[in-house]
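Chemist: sequence and predicted structure below; questions after.
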Amino acid sequence: MTNGELWWWVILPYAAMIVFVVGHIWRWRYDQFGWTSRSTQLQERRLLKWGGPLFHYSAFAAIAGHVIGILIPKSFTEWLGIPERAYTLFSGIAGSVAAIGVLLGAGILIFRRMGVPRVRATTSAVDYLALILLGIISVLGIYLTLGIQQFGGGYDYRNTVSPWFRSLFAGTPDYRAIANARLMYQVHATAAWMIFAVWPFSRLVHAWSYPLWYLWRPYVVYRERRAGPPPEPGTGGRKWRKIGVPY
Amino acid sequence: MRPMAQVAMVMNLDKCIGCHTCSVTCKQTWTNRPGTEYVYFNNVETKPGTGYPRRYENQDEWKGGWTLDRRGRLQLRAGGRLRKLLSIFYNPDLPSIDDYGDPWTYDYQTVINAPLGTQNPSAHSISALTGRDMKLRWGSNWDDDLAGAPEHALDDPDLAGIEDRVKMEFEQVFMFYLPRICEHCLNPSCVASCPSGAMYKRAEDGIVLVDQDRCRGWRFCVSGCPYKKVYFNHRTGKAEKCTLCFPRIESGQPTICAETCVGRLRYLGLFLYDADRVTEAAATPDEQDLYEAQLSVFLDPFDPHVLDEAARAGIPADWIEAAQRSPVYSLAVRHRVALPLHPEYRTLPMVWYIPPLSPVADVAHAAGYDAADPDKVFATIDDLRIPIEYLANLFTAGRAETVRDVLRKLAAVRAIQRAAQLGLDLDADLPASVGSTPDELDDLYRLLAIAKYDDRYVIPKAHAEDAGRLAAQHEQMFCSLDGDGGPGMGGNGPPDVEGFHPGEVRGGASTFRGTDGRTHFNLLGWDGRGEAPHLFPEGGAS
């Protein structure tokens, strides 16, 4: 194992996982006030009307595709009796639809964020960082799906990227598998780990607050007027407030 | 029966002179921060006018409040829960900042720093959203005092159905002011629209609040409120709304808008209501019956059965006593001169209005009637289609008779007082003709015309005993010196606990013994009127 392999395929993923988990616990406990989608619909609505839903729903499809392709072992789909061709066909079509959706949606949203002064004024440094990483991941993902899987020669990432990804969680990182993967897959995976490390410190945390509970809770919420406990020592300062807030 | 208490407000529109003092003091208190430039928890609109944000009353466009589905059940006008979750990435019913007006400031620095020269420097308008130069096109109170009324006033949704009879000619025009705060509804559609569950109605006093730590910025409360009194802070990404100045209410003080109201037109007090009947009342089939339905939800604070149930529900005795002295209960239920704003939204709003008699009397005068003669005013009220139908569109979902009854009663009060002043003969049947008695009309006169500070604001203090106990328990878990601003965190800490006796001095202030051994006066909580012992060092103290 070279130092480079150790760094890129073992240390970076584990570091990102730790930052992801610890960062979320820390942000949840210390920055409830900053935990928001920071919607800019008030400032601009015509572009968001198309870009917002298109990007989010396509991203959901893309995430579902990753769960199928990365988390579920090839042996499992084979055991189910799904032929390789059927799998490739499905992943090719569904993946392409998702990729085109993300391409259009993210394109509209990035144009909106950069080109509309009212929206641009609300963008903080961590927003730009998350945006750049998301942009790299999306563009590469679209290239991998359309350029390689669909219209290129095709590439079986389920023998390289996927085993490595699952092995990380087993505690026995199979760095050889990913080291042999195509370069663009490697960049895509690396950028993904980086965004997981940035996630807890950016507005991306709003993803965990999708309010499914709303479907079941009573419409009108009553609360007792009870004075909350005084802030715990060291939590009342400004230091965590700056996350995602450029002002 | 499940009795609950609600702090409510009544505004007497006849007294509003449109000075915007309430808006200014409210803004200074609550929304003078970046991100809330365009936010007015309290604003004053000229009626007829488009309102703030533009045409907010047109629920066909904004889908605020509740409606009945085909089976007569209450549902949010903007659609069900699933529909909300699916449209969470783009809320189709959210007003844009241009409907409020792009908030601006001026480049004053240019004026200050301009070099000596022949040309007068001018301060450009700068957008608070982008920091760039901008052209002013729209803002709150753009149509104040009917400014631009020929262009804008006909956009008023309350003129629906009576446009052809409204005259926008200067001589025939009528207008009045409508100060608005959050309605703190019994059936709040903003709370129901909040997917995060961050908005809530306080069980003790009915104040509707946004939990800033739980709000995730999904912005459905903004579109869900038919009065558009929940605003989106564009810097923090969280919703904010009128708090009914709850820190003041809790300490028995009126809201800042009421406290500073020049015309003294605001009344604050308690209603007791039956929480079990709220949904049923809000689902009343005919929207013109909603006013009566809401009245039926209120409980009589003198009814022994109600008192028993209220005590069982844990409503403190001083709150019940305050409910019995409540000026808003008197105006709304006993005298029936206050009306809810837009009951047809089915939220059961709790800021009520005494409709203005003056524009009616003015129109009567212009039409050649003698505004001084009660019979003539009655005749006029009966004759005039406008503005009574306009007022009915505002306060009774279009039922003109209700507004006419209120105006007749107000006219009768004026007539009786005028007759008493001038020694005129008065028709003895006058009080009965408006469904009242001389004593009741006298009481109404006192409530409308004289009501001193303590009569207008009957606000029981919040019971904070339990909260204090909890806080004390909590403090034992940590070093009390490490609290915010405490000595462990670099501050001087609070005055020592032994020397801290809140409420010891009249006027809400307190004294404490400082580290120098001297007794100090604690300015925090002092209302400025009571005594201030130990404010300055006594003679001899070194």
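Modeler: Perfect, I can see it now. All values reported here derive from a predicted model rather than from experimental measurement.

Chemist: where does the chain dip in pLDDT?
Modeler: The chain I'm using is chain A. Chain A contains residues with pLDDT under 70 at A:226-247.

Chemist: oops, I was thinking of chain B
Modeler: B:165-172, B:363-377, B:382-386, B:465-509, B:525, B:539-542.

Chemist: which residue ranges of chain A form strands?
Modeler: All strands of chain A, identified by DSSP state E, fall at A:222-223.

Chemist: just give me the longest helix of chain A.
Modeler: Ranked by residue count, the top helix of chain A under DSSP state H comes out as helix A:84-115.

Chemist: is that one in proximity to chain B?
Modeler: No: shown here: helix A:84-115 not in contact with chain B (CB under 8 Å from any CB of the partner chain), separated by at least 9.5 Å. Where you see a C-beta, it was placed from the backbone N, CA and C, and this is true even at glycine.

Chemist: packing partners for that helix?
Modeler: Judged by 3 or more CB pairs under 8 Å, 6 or more residues apart in numbering or on different chains; DSSP states H and E, helix A:84-115 is in contact with helix A:46-66, helix A:117-120, helix A:125-142.

Chemist: okay if I get those helices as a markdown table plus distance to residue B:199 and mean neighbour count?
Modeler: Formatted as a markdown table, the helices and strands packed on helix A:84-115 follow (distance: least, CB to CB, whole Å; neighbours: other CB atoms under 10 Å in any protein chain shown):
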| stretch | distance to residue B:199 | mean neighbour count |
| --- | --- | --- |
| helix A:46-66 | 23 | 18 |
| helix A:117-120 | 26 | 17 |
| helix A:125-142 | 26 | 18 |
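
Chemist: looking at those helices, which is nearest to residue B:381?
Modeler: helix A:46-66 (47.6 Å; CB to CB).

Chemist: residue B:195 versus residue B:226, what's the distance?
Modeler: Computed as CB to CB, to the nearest Å, the residue B:226 to residue B:195 distance reads 18 Å.

Chemist: near chain A, which residues of the stretch 51-200 of chain B show up?
Modeler: B:76, B:81-82, B:84-85, B:87-92, B:94-97, B:127, B:129-132, B:187-188, B:191-192, B:194-197, B:199-200.

Chemist: can you give me the strands in the stretch 151-300 of chain B?
Modeler: Remark: strands assigned in the stretch 151-300 of chain B by DSSP state E, counting those that start in this stretch are B:176-180, B:199-202, B:208-210, B:230-233, B:238-241, B:266-274, B:298-299.

Chemist: next, the angle from the longest one to strand B:176-180.
Modeler: Calculated by axes from the mean of the first three to the mean of the last three CA atoms, to 10 degrees, strand B:266-274 forms an angle of 60 degrees with strand B:176-180.

Chemist: mind checking if strand B:266-274 is in reach of chain A?
Modeler: No: judged by CB under 8 Å from any CB, strand B:266-274 and chain A are separated, with a smallest distance of 13.2 Å.

Chemist: centre of the chain versus that strand, how much separation?
Modeler: Put simply, strand B:266-274 sits 12 Å off its chain's centre (CA atoms, centre = their mean, to the nearest Å).

Chemist: kindly report the same for the third one.
Modeler: For strand B:208-210, the distance from its own C-alpha centre to the chain's C-alpha centre is 14 Å (CA atoms, centre = their mean).

Chemist: ditto for the fourth one
Modeler: Centroid displacement of strand B:230-233 relative to its chain, using CA atoms, centre = their mean, is 16 Å.

Chemist: close to chain A, is it?
Modeler: Yes: using CB under 8 Å from any CB, strand B:230-233 reaches chain A at residue B:232.

Chemist: ranges for the helices of the stretch 351-500 of chain B?
Modeler: Taking DSSP state H, counting those that start in this stretch as the criterion, the stretch 351-500 of chain B carries its helices at B:358-366, B:374-383, B:388-395, B:400-422, B:430-433, B:438-445, B:453-456, B:465-477.

Chemist: direction included, what does the helix or strand just after the last one pair up with?
Modeler: Taking DSSP states H and E as the definition, the helix or strand that follows helix B:465-477 towards the C-terminus is strand B:510-513. Its sheet considered, strand B:510-513 pairs with strand B:519-522 (antiparallel) by DSSP bridges.

Chemist: buried sites along the partner strand?
Modeler: Under the neighbour-count criterion of 16 or more other CB atoms under 10 Å in any protein chain shown, strand B:519-522 has B:520, B:521, B:522 buried.

Chemist: just those now: which is nearest chain A?
Modeler: Of all those, residue B:522 has the smallest distance to chain A: 18.6 Å, by CB to the nearest CB.

Chemist: for that closest one, give the beta-bridge partners.
Modeler: residue B:510.

Chemist: separation between it and residue B:513?
Modeler: Distance of residue B:522 to residue B:513, computed by CB to CB: 11 Å.

Chemist: for the helices of the stretch 351-500 of chain B, give me CSV that also has distance to chain A and mean neighbour count.
Modeler: Converted to CSV, the helices of the stretch 351-500 of chain B look like this (distance: least, CB to the nearest CB, whole Å; neighbours: other CB atoms under 10 Å in any protein chain shown):
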stretch, distance to chain A, mean neighbour count
helix B:358-366, 35, 19
helix B:374-383, 38, 18
helix B:388-395, 24, 24
helix B:400-422, 27, 19
helix B:430-433, 41, 17
helix B:438-445, 33, 16
helix B:453-456, 24, 14
helix B:465-477, 3, 12
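
Chemist: as TSV, these with distance to residue B:4 would be great.
Modeler: As requested, the helices of the stretch 351-500 of chain B are arranged in TSV below (distance: least, CB to CB, whole Å):
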stretch	distance to residue B:4
helix B:358-366	36
helix B:374-383	37
helix B:388-395	24
helix B:400-422	26
helix B:430-433	34
helix B:438-445	27
helix B:453-456	23
helix B:465-477	18
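
Chemist: no more questions from me, cheers.
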